[in-house]
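**Q** Sequence and computational prediction follow.
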Protein chains: 2
Amino acid sequence: MPDKLGFIGLGIMGRPMALNLRRSGAELFVFARRAESLVPLTAAGAIACASPADVGYQADIVFTMVSDTSDVEQLLLGSSGVIEGVRPGAVVVDMSTISPAATRRIAARLGELGVEMLDAPVSGGERGAIDGTLSIMVGGSPEAFERVRPWFERMGRGILHIGESGAGQVCKACNQVVIGHTLAGVGEALLLARASGVDPARVREALLGGFAQSRVLEVHGRRMLQGDYAPGFKASLHQKDMRIVLETAAQIGIALPGAAVFAQYVNALVGRGLGELDSAAIHQVQIDMCGPREP
Amino acid sequence: MPDKLGFIGLGIMGRPMALNLRRSGAELFVFARRAESLVPLTAAGAIACASPADVGYQADIVFTMVSDTSDVEQLLLGSSGVIEGVRPGAVVVDMSTISPAATRRIAARLGELGVEMLDAPVSGGERGAIDGTLSIMVGGSPEAFERVRPWFERMGRGILHIGESGAGQVCKACNQVVIGHTLAGVGEALLLARASGVDPARVREALLGGFAQSRVLEVHGRRMLQGDYAPGFKASLHQKDMRIVLETAAQIGIALPGAAVFAQYVNALVGRGLGELDSAAIHQVQIDMCGPREP
């Protein structure tokens, strides 16, 4: 008998991901805190549930896609949470980006009930969610990964099993660290060019041909030159992710000074009320902190 | 009549660059502080000169390729320097990586004698110098650039005129900033994975498929995983370049906090006597500053 699927969290990312599952013909049970979020899903034939517990009761595999650690804890372990309905043998798949340590705690709690959990955060943004081309970084048992893989393939393209529970979240944290450093570096370099009276577009072009090449230099470097900060990936979310990174670093006892610098840039950007812009807009902070100068 | 060329500084980079010029059939006058450095060039038919002034007297275009700002100032403007022999209409082409501000000062001094100067720092390392595949970032007048371009094409592949005097050095500084940030970010991410008990090789693989992609993640990420820090590009030289970056930032009044973090990593590496390693070895500093832990 084919799997019955559940999906909780039908926002900018969750809605198109759930629709891609539903379009594959899966029986799909959905829940969202805002009733209007359910409409596109029920219109596509999904079945609305009254609570996360109800989704847990109906589904063999329950996906969650929400904003932060506390949301996932509440939906899975809280009052009327999935844990109150879910049956032994089910798999919970959290695709949000949250704390690796909290992920391991939640997985352990579900494990006591015979329920496996995968952490499966994504990258690729709204575009990737709509097109079904997300990168999916998965932590958890190989068996659970293999069981869910056909459904991951409806939502993404680069689907990698990274390691045990929490490893998907760690990988996503690493991803945000590398992107953050590279954004900071490209922005600082373009500032150095501009403030030296040198055409930053020419510098970007020169650097793309050598060892400084990166997708961030290609894509976000161009946006920095154009001042085009339509998201993309919102600064407020990158801020949340860097909080996870730096809390994790403190928990496991490592120093990440470069990641901390990027987090400060993002703090300044969000603090100016610009958290809805793409996180490449830290370049505006870099420019403004050095005062007005010739373009 | 074809140009007579001069080349001063026949070290790891300068020797193969000068040989590539000589192999094109150019008449080539050379000087190096260490007499033994002249041997491969004179064996190839170049003519040894007694001083930089003598090279300046003989050549229409004088290339310099040495270590630091003070070397270039000494060779060009010092006692028995190029300035004592060079004739109006000649072009001086400094391919070293030095201070943009000093470059502009030297160019202005030569300009008073009717001698144009190009700053033309390179990237691509010893391999690129031998193969004639260097990237060359050029500052100075378009006319001087066009005059020297055929010779640049003997030494490099990506040859870009960036802007006025100093612009080549600014571009090179930007290149070192971006590479530095990216090295720091890849290293911090691999440390985060490792210290979290997650396979850093798997993380690197996952990240290469998405927005975190960069040549540094590809090439130096692999070296960090393998602990293979044979240069490549020596940390002691990256340290010198970051000194130029941060001095320039202070001169023009901009803040580059991420570049400063990378410079500190390099300082720690060089301070441990490891300046001859590739600058990717900052990953060892990142690991060691957090103490011993499981691989």
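**A** That came through, no problem.
**Q** Which positions in the longest strand seen in chain A come out as buried?
**A** Across chain A, the longest stretch assigned as strand under DSSP state E is strand A:156-163. Neighbour counts over strand A:156-163 (16 or more other C-beta atoms under 10 Å in any protein chain shown) mark A:Gly156, A:Gly158, A:Ile159, A:Leu160, A:His161, A:Ile162, A:Gly163 as buried. Placement of C-beta: from N, CA and C, glycine included.
**Q** what about the second one, distance to chain B?
**A** Read it as A:Gly158. For A:Gly158, the distance to chain B equals 4 Å [C-beta to the nearest C-beta, to the nearest Å].
**Q** OK, contacts around that residue?
**A** The contact partners of A:Gly158, by C-beta atoms under 8 Å, 6 or more residues apart in numbering or on different chains, come to A:Leu134, A:Ser135, A:Ile136, B:Ala206, B:Gly209, B:Gly210.
**Q** change it to 10 Å
**A** A:122-124, A:128, A:133-137, B:205-206, B:208-210 (C-beta atoms under 10 Å, 6 or more residues apart in numbering or on different chains).
**Q** Just checking: the least confident one among the buried residues of strand A:156-163 is which?
**A** When the buried residues of strand A:156-163 are compared by pLDDT, A:Gly158 scores lowest at 92.
**Q** List only buried entries from the contacts of A:Gly158.
**A** Applying 16+ other C-beta under 10 Å to the contacts of A:Gly158 flags A:Val122, A:Ser123, A:Gly124, A:Gly128, A:Leu134, A:Ser135, A:Ile136, A:Met137, B:Ala206, B:Gly210 as buried.
**Q** Would you confirm that the first one contacts A:Gly128?
**A** Put plainly, it is A:Val122. Yes - with contacts defined as C-beta atoms under 10 Å, A:Val122 counts as touching A:Gly128 at a distance of 7.2 Å.
**Q** For the strand or helix carrying A:Arg222, name the packing helices and strands.
**A** Here A:Arg222, judged by DSSP states H and E, is contained in helix A:215-226. When contacts are defined as 3 or more C-beta pairs under 10 Å, 6 or more residues apart in numbering or on different chains; DSSP states H and E, helix A:215-226 packs onto helix A:167-195, helix A:200-208, helix A:282-288, helix B:167-195.
**Q** Same list (these) but as CSV, adding distance to B:Pro2 and mean pLDDT.
**A** Listed next are the helices and strands packed on helix A:215-226 as CSV, based on distance: least, C-beta to C-beta, whole Å; pLDDT from 0 to 100:
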stretch, distance to B:Pro2, mean pLDDT
helix A:167-195, 36, 98
helix A:200-208, 29, 97
helix A:282-288, 47, 97
helix B:167-195, 25, 98
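**Q** can I see the domain layout of chain A?
**A** Using automatic domain parsing, the domain ranges for chain A come out as A:5-164, A:170-290.
**Q** if you compare the ones you listed, which one is most tucked away?
**A** domain A:170-290 (a mean of 22; mean count of other C-beta atoms under 10 Å in any protein chain shown).
**Q** Can you show me the strands along chain A?
**A** A:4-8, A:27-31, A:47-48, A:61-64, A:91-94, A:116-119, A:122-123, A:134-139, A:156-163.
**Q** Compare the ones you listed and give me the one nearest B:Asp71.
**A** For the strands of chain A, the distance to B:Asp71 is smallest for strand A:122-123, at 45.9 Å, taking C-beta to C-beta.
**Q** Just checking: what are the partner strands of the longest strand of chain A?
**A** Under the criterion DSSP bridges, strand A:156-163 sits next to strand A:134-139 (parallel) in its sheet.
**Q** chain center to the strand it pairs with, what's the gap?
**A** Mean-position distance between strand A:134-139 and its chain equals 10 Å (C-alpha atoms, centre = their mean, to the nearest Å).
**Q** Ok, stretch A:149-165 next?
**A** 14 Å.
**Q** and what of stretch A:180-193?
**A** 23 Å.
**Q** about what we covered before: which one among the buried residues of strand A:156-163 gets closest to B:Met242?
**A** Minimum distance to B:Met242 across the buried residues of strand A:156-163 is 33.3 Å, recorded for A:Ile162 (C-beta to C-beta).
**Q** which residues does the closest one contact?
**A** A:119-120, A:136-140, A:145, A:168-172, A:174, B:193, B:198-199, B:202-203, B:205-206.
**Q** again, only using 6 Å
**A** A:Met137, A:Gly139, A:Gly168, A:Cys171, B:Arg202 (C-beta atoms under 6 Å, 6 or more residues apart in numbering or on different chains).
**Q** what do you get for A:Tyr57?
**A** So A:Tyr57 contacts A:Gly85 (C-beta under 6 Å, 6+ apart).
**Q** confidence score at it?
**A** Taking A:Tyr57 on its own, its pLDDT is 98.
**Q** ok, so what distance separates it from A:Glu84?
**A** Distance, A:Tyr57 to A:Glu84, by C-beta to C-beta, to the nearest Å: 8 Å.
**Q** ditto for A:Ala263
**A** From A:Ala263 to A:Glu84 the distance is 37 Å (C-beta to C-beta).
**Q** what do you get for A:Glu27?
**A** From A:Glu27 over to A:Glu84 (counting by C-beta to C-beta), the distance is 21 Å.
**Q** Run through the residues that contact A:Met17.
**A** With C-beta under 6 Å, 6+ apart, A:Met17 has these contacts: A:Ala129, A:Met155.
**Q** what's the pLDDT at it?
**A** 98.
**Q** related to what we said a few turns ago, take the contacts of A:Ile162 and write them to a markdown table, including distance to A:Gly273.
**A** Conversion of the contacts of A:Ile162 to a markdown table gives the following (distance: C-beta to C-beta, whole Å):
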| residue | distance to A:Gly273 |
| --- | --- |
| A:Met137 | 31 |
| A:Gly139 | 35 |
| A:Gly168 | 32 |
| A:Cys171 | 31 |
| B:Arg202 | 39 |
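**Q** and which of those residues is nearest to A:Val91?
**A** Nearest member of these to A:Val91, counting by C-beta to C-beta, is A:Gly139, at 12.9 Å.
**Q** which residue sits closest to the spatially most central residue of chain A, ignoring its sequence neighbours?
**A** Nearest to the mean C-alpha position of chain A, by C-alpha atoms, centre = their mean, lies A:Thr97 at 4.5 Å. Spatial nearest neighbour of A:Thr97, excluding adjacent residues (C-beta to C-beta, 6 or more residues apart in numbering or on different chains): A:Pro121 at 4.5 Å.
**Q** nearest spatial neighbour of A:His181, skipping sequence neighbours?
**A** Using C-beta to C-beta, 6+ apart, the closest residue to A:His181 is B:Gly185 (2.5 Å).
**Q** Provide a list of residues in contact with the one you found.
**A** So, once contact is read as C-beta under 6 Å, 6+ apart, B:Gly185 ends up touching A:Val177, A:Val178, A:His181, A:Thr182, A:Gly258.
**Q** ok, now which ones touch A:Val216?
**A** Taking C-beta under 6 Å, 6+ apart, we find A:Val216 in contact with A:Thr182, A:Leu183, A:Val186.
**Q** where's A:Phe211 relative to A:Arg222, distance?
**A** When A:Phe211 is compared with A:Arg222 (using C-beta to C-beta), they lie 19 Å apart.
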